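1. My questions concern the predicted model and sequence given below.
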Amino acid sequence: MGAESWAMFVLALLVALAVPGPDLVLVVHSATRGVREGTTTAAGIVSGLLLHALLAVAGATALLVSAPGALVVVQVIGACILLWLGANMLWSARSTDTDATQSTGHRTRSGYMRGFVTNATNPKALLFFAAILPQFIGHGDDAKAWTLILCATVVVGAGVWWAAAIAIVRLFGFHRSQTADRIITLLGGTALMLIGAGLLVATVYVRTVPGA
């Protein structure tokens, strides 16, 4: 693998990051609540990616995906978490004073855990490391080294990506408008519910329909 293949991998990573998903919803929503909360949520997401990277380096990701029913379990858990997060977000949108009753420290800690759990159980992240990453590694003597390099690229690249996302949210001033904050919360909660429901339905459909 050379510089050209690495550049192609970076392009694939950018496409994966740009596709809207639960990570984007959480970062945008958290960033409207404050730079610190947005940063800790993004840190949780990056920590989830780091976990995926460590599993990939250890070879555990391939074993997990190949194990009968293991991917289904991850998908169901991930879907349930997204439904729970979406429901909580929609509930919090009912009151503009919800976060005012919570300390900043509590919000940042919960933001980190939401980011970490959401990404760690995200089938999209798992499949990226299991299916996309190996395409750029090969089977040479330097395969292990390239695995480390590509995993580091994912973690660092995601960190830069989410930092830019937080900066854009703050630059446009969404955090200054209570109406904008409520709209983002409602849209974010709805998006998480739809993504979670879609993932759950797709998982059940694949399991129950022969040849699907």
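-> Perfect, I can see it now. Numbers count the residues shown, from 1 in each chain.
2. how close does the nearest residue to G189 once chain neighbours are set aside sit to A191?
-> In space, and not counting its chain neighbours, G189 is closest to M89: 3.3 Å by C-beta to C-beta, 6 or more residues apart in numbering. No exception for glycine: its C-beta is placed from N, CA and C like everyone else's. Using C-beta to C-beta, to the nearest Å, M89 is found at 9 Å from A191.
3. Ok, V72 next?
-> 23 Å.
4. Over to V117?
-> 17 Å.
5. Residues in contact with the helix or strand of the chain with the lowest mean pLDDT: which ones?
-> One helix or strand of the chain scores below all others by mean pLDDT, DSSP states H and E: helix 60-66, with a mean of 73. The contact list for helix 60-66 (C-beta atoms under 8 Å, 6 or more residues apart in numbering) reads H52, L55, A56, A70, L71, V74, L126, L127, F129, A130, A131, P134.
6. So for the longest helix anywhere in the chain, mean pLDDT?
-> Across the chain, the helix with the greatest residue count (assigned by DSSP state H) is helix 178-208. Helix 178-208 comes out with an average pLDDT of 77.
7. again, but for stretch 36-52
-> 94.
8. next one: that stretch to chain centre, how far?
-> Centroid separation between stretch 36-52 and its chain, computed with C-alpha atoms, centre = their mean, to the nearest Å, is 9 Å.
9. Would you mind listing the buried residues in it?
-> Of the residues in stretch 36-52, 37-50, 52 count as buried by neighbour count, 16 or more other C-beta atoms under 10 Å.
10. can you map out the helices along the chain?
-> 3-18, 22-33, 35-58, 60-66, 70-92, 104-120, 123-127, 143-171, 178-208.
11. any idea of the angle the first one forms with helix 22-33?
-> Spelled out, it's helix 3-18. 60 degrees (axes from the mean of the first three to the mean of the last three C-alpha atoms, to 10 degrees).
12. just the CA coordinates of helix 3-18, formatted as PDB?
-> Taking Å, rounded to 0.1, in the frame of the first residue of the first chain, the C-alpha atoms of helix 3-18 are listed here in PDB:
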ATOM      1  CA  ALA A   3       0.300   7.100  -0.700                       C
ATOM      2  CA  GLU A   4      -2.200   6.800  -3.500                       C
ATOM      3  CA  SER A   5      -4.100   4.000  -1.700                       C
ATOM      4  CA  TRP A   6      -4.000   6.000   1.600                       C
ATOM      5  CA  ALA A   7      -5.500   9.000  -0.200                       C
ATOM      6  CA  MET A   8      -8.300   6.800  -1.600                       C
ATOM      7  CA  PHE A   9      -8.900   5.500   1.900                       C
ATOM      8  CA  VAL A  10      -9.100   9.100   3.300                       C
ATOM      9  CA  LEU A  11     -11.700   9.800   0.500                       C
ATOM     10  CA  ALA A  12     -13.700   6.800   1.600                       C
ATOM     11  CA  LEU A  13     -13.500   7.900   5.200                       C
ATOM     12  CA  LEU A  14     -14.800  11.400   4.300                       C
ATOM     13  CA  VAL A  15     -17.700   9.900   2.500                       C
ATOM     14  CA  ALA A  16     -18.600   7.700   5.400                       C
ATOM     15  CA  LEU A  17     -18.300  10.700   7.800                       C
ATOM     16  CA  ALA A  18     -20.400  12.900   5.600                       C
END
